[in-house]
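[1] Dropping a prediction and its sequence here:
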Amino acid sequence: MGFIRILIIIIVIFLLWQLYFRIKRQGEKARPQLKQQPSIPMLRCQHCGTHIPENEAIKSPKGVYCCEQHRREAEFN
Ligand SMILES: [Zn+2]
């Protein structure tokens with residue numbers, strides 16, 4: 001019976017060890033995603049002052065805007 005107990009303990013340790021590495025890997029995958037989000041430059045709409053990510057901003061030679069409507073309102077008035 002002693003041998004079976006040792007075997008069960010070894011299996012439990014092995015499973016916990018695998019679980020630990022799975023959690024560790026998931027944590028490493030989640031971290032770079034969190035780092036990438038703040039690295040997107042935030043630009044300020046010249047019309048209403050709202051901060052928008054650079055990839056969503058409407059850019060024109062006169063300035064940066066949050067939407068096409070604000071670009072038109074700011075440039076044609
Ligand atoms: Zn705006």
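    Sure thing, it's come through.

[2] For the rest of this, base every contact and every neighbour count on C-alpha atoms.
    Will do.

[3] Identify the bridge partners of Gly63.
    Judged by DSSP bridges, the bridge partners of Gly63 are Ser60.

[4] per-residue confidence at it?
    Listed pLDDT for Gly63 reads 93.

[5] Could you check how many residues crowd around it?
    14 (other CA atoms under 10 Å).

[6] Surely it is in contact with His47?
    No. The pair Gly63 / His47 is not scored as a contact, 9.3 Å apart, by CA atoms under 8 Å.

[7] Next secondary structure element downstream of the helix or strand harbouring Leu19?
    Using DSSP states H and E, Leu19 maps to helix 2-39. Reading on from helix 2-39 to the C-terminus, the next helix or strand found by DSSP H and E is strand 42-44.

[8] Report whether that next one contacts the ion.
    No. Residues of strand 42-44 contacting the ion under CA under 5 Å from the ion: none, with a closest distance of 8.2 Å.

[9] and that strand, which strands flank it?
    Strand 42-44 has these strand partners (DSSP bridges): strand 51-53 (antiparallel).

[10] buried ones in the partner strand?
    Ile52 (16 or more other CA atoms under 10 Å).

[11] model confidence over it, on average?
    Strand 51-53 comes out at a mean pLDDT of 95.

[12] any idea how far that strand is from the chain center?
    Averaging C-alpha positions (CA atoms, centre = their mean, to the nearest Å) puts strand 51-53 15 Å from its chain's average.

[13] Stretch 63-77 too?
    Worked out by CA atoms, centre = their mean, stretch 63-77 lies 29 Å from the chain centre.

[14] buried residues in it?
    Buried-residue list, stretch 63-77, by 16+ other CA under 10 Å: Val64, Tyr65, Cys66, His70, Arg71.

[15] How is the protein divided into domains?
    1-39, 41-77 (automatic domain parsing).

[16] tell me the most buried of those domains?
    Highest mean neighbour count among the domains of the chain (mean count of other CA atoms under 10 Å): domain 41-77, with a mean of 14.

[17] Ends of that one, what's the gap?
    28 Å (CA to CA, to the nearest Å).

[18] Check what pLDDT Ser39 gets.
    pLDDT, read off for Ser39, is 80.
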